[in-house]
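Peer 1: Got a predicted structure here, sequence first:
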Number of protein chains: 2
Amino acid sequence: MGGDHGPSVTIPAAISFLKKQDDAELVLVGVEEVLRAELKKHHGDKLPRLTIKHATEVVAMDDPIEVALRRKKDSSMRVAIELVKDGSANACVSAGNTGALMAVSRYVLKTMPGVDRPAICSIMPNQKNGPTYILDLGANVDCEPHHLHQFAIMGSVLCSAIEGIPRPTIGLLNVGTEDIKGNEVVKATGVLLRDDAARGKLNFYGNVEGNDIFKGTVDVVVCDGFVGNVMLKAIEGLSRFMKTTFKADIMSMVGAVFARKALKKLNPERYNGAGLLGLKGLVFKSHGGANAYSFEWAIKRAYEAAHNNVQEQLSALITELMPNSTGAAEAPMPVLEPVSTIERQAQ
Amino acid sequence: MGGDHGPSVTIPAAISFLKKQDDAELVLVGVEEVLRAELKKHHGDKLPRLTIKHATEVVAMDDPIEVALRRKKDSSMRVAIELVKDGSANACVSAGNTGALMAVSRYVLKTMPGVDRPAICSIMPNQKNGPTYILDLGANVDCEPHHLHQFAIMGSVLCSAIEGIPRPTIGLLNVGTEDIKGNEVVKATGVLLRDDAARGKLNFYGNVEGNDIFKGTVDVVVCDGFVGNVMLKAIEGLSRFMKTTFKADIMSMVGAVFARKALKKLNPERYNGAGLLGLKGLVFKSHGGANAYSFEWAIKRAYEAAHNNVQEQLSALITELMPNSTGAAEAPMPVLEPVSTIERQAQ
C-alpha cells in the first residue's frame, strides 16, 4: 500500500516478479478490495503463488512515527512485518515511510544482539563492475562513533555473505583521505575502526571520499544516515537530470539510443531495494517514488537475501564479531574490551 | 603551486585564460624558477599582463593547517592572499589544501562583520537551465544551527548579486521535506530560517532533498561542510563513472559522439571554482585534482566575481541582513533580536 503510488506500482511489480521467479511466493498485504481491484486491472487475479493478507490501515508517507507505531496497529506495514516475525514470510518489502518502517521493524522484530541501531544498506554500481555497499542511507540521522562502528561491521558481513568476499574492504566516508580529516564523530569512528583493523577483526581501508563510491575503492562505505540519504538522493537526482538532458535535443536523443547499453548500466532504478540490517528478520525498503520496474528490483533483492540465507549468516557473524560484552548497547560511547579479552573470545 | 598537479596545470590554464580575457591581469605566485620554466614550456613566457610574484614556500596538500598558518609564512598561498589584502589583486585563486586555504584566508583577510565562519559556495547545473548555488562545500565540517543560518544568508546574497535574482529561494538540505525531518542541527536551523521567512527577511522555501539540487527546486541549497563535501565528490564521481562507461564499448562511444552536447552540459569540470564567502576579500578554490581546462574555469569565476563587484555587494547586504547586534559571533547558539528591534533597524 505504501510509497508515492501505492498498489498501482506494487501490484504490477509483484505480478511481473512472480512470473519470472517460479519458486517464489508472494503475500500482498493491504486493503483487500483495493488489492483485488488492482490485480484484476493488471490481469493478475488468477496467478498462482499469490495470496492476499488483509490489513485495514495504511501508514501515510507523512504520518509521524508515533502514529505508525502506536495507533495504526493493523497497518499493511505492520502486518507484513509481523508475517516475518511469525515465520509466515522470509522477508518483507515496503515502499512506505522510511522512519515508520524502521520504527515498526525495530518494535516488532527487535534488533540482533550486539546491535544498537539497524541501518539501511544499499548498493551502487562502480567502475570495477562490482557493487559498492553503502550504509546507513537514512535510518539514523544522528549518530555516535559506536553506531558508525556497528554499521561498518554489519556492512562487511552483508557484503561478505552476498558477494562471497571473505574480508570486504571498508571505507569511512569523509572529506579527505588523511586520518586528521573529518568532523568529530567521523574522526572518533576512525580510531575505533583502525583499532579493529590492528587486531585483524575488520579489513578497514581508511577514509574514502564521495567519488570512491563509484571508483570501487572499497567494498563497503560507511556514513551516518543523514549524509547517506542526502548523497543518495543527489546521485539519483543527477541520474534523472542526465536522462532529461539526453531528451532535450534531437542529436542527444540519437546519442542516447546508441548509448543505451551504457545508460542502462547506470539506471538508478535498478539499484532499488535497500536492506534494513541488524534486525531479527529481513526487511527491504524501496524508494517511495519507485516505478513498477524499480519496485520489482526491491522484491528481487529481498528474495535473493532470503534465498541465500543472509539473515542466518548475518546473525552468526554479528554474534562472532560483536559480542555483547563490548557494552556498546548501553554506553553512549563505545567501551572497548582489553585486547587480551577479545582475543580469548575469538579463539 | 597548489593542487595535485601544481604549475603543470595552473600555468597552461593561466595562459589560456589571459589569451581570451584581454582586460585581465594575472599575478602568478610561487617559486619563480619553477613558474618561469613552466611558462616557457607552454610558450607563455612573453605574454603581456602576466607577472610573477616570488614565494619561497609551498603548502603541501597534506600539510596540517598549523603548518600552513604558522610555519610557512612565505608560501605561495599566503602571499597570494596577501596580494588581495593589500589591494594588489582583486581575487586569489588556489587549487591547494582547502583547510589551509580557508585558515590562511581567515587569518590574513579576516571575516566580514556578522560572519562567524566563511563558507565555500559553488554552483551545479539544474533542469531549469540555471545554476543551483550550494554551500558549505567543505570549509566547516562541524556546524551549529547559527552557522547554517549564516550560510543561508551568504548564499542568498551571492546568488542575488551574480544572478540578479531579487529574493533567491533558499532550501535546507535534509532527509525529507517535512519540518519534522532531519538531525538535531538541521531541525534547529529550520526554526531559525522559518523565523527569518516569517519576518520577510529571507525567501526560505523549506527543506529540500539531494535530488532538488538538480531539479532546480531552489536557487540556494544550504548544508554543513561535511555533507556538502562528500555529496559534491559523489556527484563528481558519478559524472566520471558515466564518462568511463561511455568509453567501455564501441556502440556507447558512437552514442557519446552524438550526445556530446548533452555530456558537455553536464561536464563537472566546468563547475570548478568555488567562492570562499564571508571574508574581507575574494578567494576562489579550485578542486585539487582539476586539469587545466577545469582550473581555467576557476580563474574565470574569480574574474567575474571581481568584475561584478560581488565583494562590495556582499559586504553591503550582509551588513544589512546580519547586524552585529545578533551576537551570533560570540554565542554558541544564535541569540535572536526581538522582532520590533529588527524591524526598526530594517527601516
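Peer 2: Structure received. Numbering: from 1, shown residues only, chains lettered A, B, ... in the order given.
Peer 1: Partner strands of the helix or strand hosting A:Ile120 and their direction?
Peer 2: Using DSSP states H and E, A:Ile120 sits in strand A:119-125. Sheet partners assigned to strand A:119-125 using DSSP bridges are listed as strand A:131-135 (antiparallel), strand A:274-277 (antiparallel).
Peer 1: Quick one, which of those gets closest to B:Leu50.
Peer 2: strand A:131-135 (44.3 Å; C-beta to C-beta). Every C-beta, even on glycine, is put in place using the N, C-alpha and C of the backbone.
Peer 1: Quick check, A:Gly278 in contact with A:Arg117.
Peer 2: Yes: in this structure, A:Gly278 is within contact of A:Arg117 by C-beta atoms under 8 Å, at 7.0 Å.
Peer 1: neighbour count winner among the two?
Peer 2: Applying other C-beta atoms under 10 Å in any protein chain shown to A:Gly278 and A:Arg117 shows that A:Gly278 carries more neighbours, namely 29 against 21.
Peer 1: and for A:Gly278 and A:Arg117, which residues touch both?
Peer 2: Residues touching both A:Gly278 and A:Arg117 (C-beta atoms under 8 Å, 6 or more residues apart in numbering or on different chains) are A:111, A:150.
Peer 1: Of the strands paired with strand A:119-125, flag the one that's most buried.
Peer 2: Of these, the one with the most neighbours on average (mean count of other C-beta atoms under 10 Å in any protein chain shown) is strand A:274-277, at a mean of 28.
Peer 1: residue boundaries of the strands in the stretch 101-250 of chain A?
Peer 2: Under the criterion DSSP state E, counting those that start in this stretch, the stretch 101-250 of chain A contains strands at A:119-125, A:131-135, A:169-173, A:203-208, A:220-222.
Peer 1: Let me have those in CSV, adding distance to A:Lys300 as columns.
Peer 2: Shown next, in CSV, are these (distance: least, C-beta to C-beta, whole Å):
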stretch, distance to A:Lys300
strand A:119-125, 12
strand A:131-135, 14
strand A:169-173, 26
strand A:203-208, 28
strand A:220-222, 21
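Peer 1: Comparing these, which yields the minimum mean pLDDT?
Peer 2: Ranked by mean pLDDT, the strands of the stretch 101-250 of chain A bottom out at strand A:119-125, with a mean of 90.
Peer 1: And for it, what's in contact with it?
Peer 2: Applying C-beta under 8 Å, 6+ apart, the contact partners of strand A:119-125 are A:98, A:102, A:131-140, A:150-151, A:154-155, A:158, A:213-214, A:225, A:228, A:232, A:235, A:265-266, A:271, A:273-278, A:285, B:241.
Peer 1: go on, stretch A:37-54?
Peer 2: A:7-8, A:11-12, A:14-15, A:18-19, A:24-32, A:35-36, A:79-80, A:83.
Peer 1: switch the cut-off to 6 Å
Peer 2: Residues outside stretch A:37-54 that contact it (C-beta atoms under 6 Å, 6 or more residues apart in numbering or on different chains) are A:7, A:11-12, A:15, A:18, A:25-29, A:32, A:35.
Peer 1: What of stretch A:285-295?
Peer 2: Residues outside stretch A:285-295 that contact it (C-beta under 6 Å, 6+ apart): A:3-4, A:9-10, A:12-13, A:95, A:101, A:269, A:272, A:274, A:298.
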